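1. need coordinates for the following:
(one chain, ligands or ions: 1)
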Amino acid sequence: MDKKEAVDKGMMLPVMEAFYTIQGEGVHTGTPAYFIRLGGCDVGCVWCDVKESWEAEKWPIHSVQEIVNQALEYPGRMVVITGGEPLMYDLGPLTALLKKEGFTINIETSGAHPFSGQFDWVCFSPKKFKKPHSSIYEHANELKVVIFHKSDFDFAEKHADLVNKSCHKLLQPEWSKSSQYLGSIIEYVKSNPEWKISLQTHKFMDIP
Ligand code: SF4
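-> Residues are numbered from 1 along each chain as shown. This next block holds a predicted model:
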């Protein structure tokens, strides 16, 4: 099997970086976790803070065994698969191996590609720049909408109507617009208590 075929089958994946840190945002804020950031994204958010992830070809290709072996070097047993847009790849082989090794597996995704893999927690963060694939809605445990513009509140509600009933709903100010929108997010959540606020606490802690 050549490398391209192995990537197509999800047996090898481009890894931009992998690191052990504290999950800074969303429902699992504060939990130590090993982040696997896959290279490649075709969503194109204007405010993306990992634009260097977009070109998959820039990043080394690793076998899923190598990726899991590196995760096993740390004491935490929660893994967060992120990107880039991780669902550009078949995540079945990586998540099967992580599961076999006893990891709790979370994903952070825009949902822009068909769902694959087995996860304990799916954080769905839809983006206006590329429509989510319909397969994401039944899997989402957490809907996390980044507020960058006042129209994002309506965008958040539109997706809240599509996720399952038990899905947690969070609004998160985009970092550079935090001072502009935090006040309206606070008021919105007070008036619409099915929502909660998510802050990028890792940025306050100055950790990755
Ligand atoms: S989906 Fe994520 S990685 Fe892709 S452009 Fe948007 S913020 Fe950046």
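
2. hmm, who's touching stretch 65-75?
-> When contacts are defined by CB atoms under 8 Å, 6 or more residues apart in numbering, stretch 65-75 is touched by residues 13, 15, 18, 20, 32, 34, 36, 79, 94, 97-98, 101, 103. The way it works is simple: take the backbone N, C-alpha and C, and place the C-beta from them, glycine included.

3. these, buried ones only, as a ChimeraX selection?
-> Here is the ChimeraX command that selects the buried residues among the contacts of stretch 65-75 (16 or more other CB atoms under 10 Å):
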select :13,15,18,20,34,36,79,94,97,98,103
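
4. tell me which two in the contacts of stretch 65-75 are the farthest apart.
-> Spatial extent of the contacts of stretch 65-75 (CB to CB) is set by the pair 13 and 32 at 22.7 Å.

5. just to revisit the earlier point, next, format the contacts of stretch 65-75 as CSV and append pLDDT, distance to residue 150 and secondary structure.
-> Formatted as CSV, the contacts of stretch 65-75 follow (pLDDT from 0 to 100; distance: CB to CB, whole Å; DSSP: H, G, I helix; E, B strand; the rest coil):
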residue, pLDDT, distance to residue 150, secondary structure
13, 98, 37, strand
15, 98, 37, strand
18, 98, 36, strand
20, 98, 37, strand
32, 98, 35, strand
34, 98, 36, strand
36, 98, 34, strand
79, 98, 35, strand
94, 98, 38, helix
97, 98, 43, helix
98, 98, 39, helix
101, 98, 44, coil
103, 98, 39, coil
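
6. how about the contacts of stretch 65-75 in a markdown table, adding distance to the ligand?
-> Output for those, formatted as a markdown table (distance: CB to the nearest ligand atom, whole Å):
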| residue | distance to the ligand |
| --- | --- |
| 13 | 15 |
| 15 | 14 |
| 18 | 16 |
| 20 | 20 |
| 32 | 22 |
| 34 | 19 |
| 36 | 14 |
| 79 | 18 |
| 94 | 18 |
| 97 | 24 |
| 98 | 21 |
| 101 | 26 |
| 103 | 22 |
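
7. beta partners for residue 79?
-> Using DSSP bridges, the beta-bridge partners of residue 79 come out as residue 34, residue 105.
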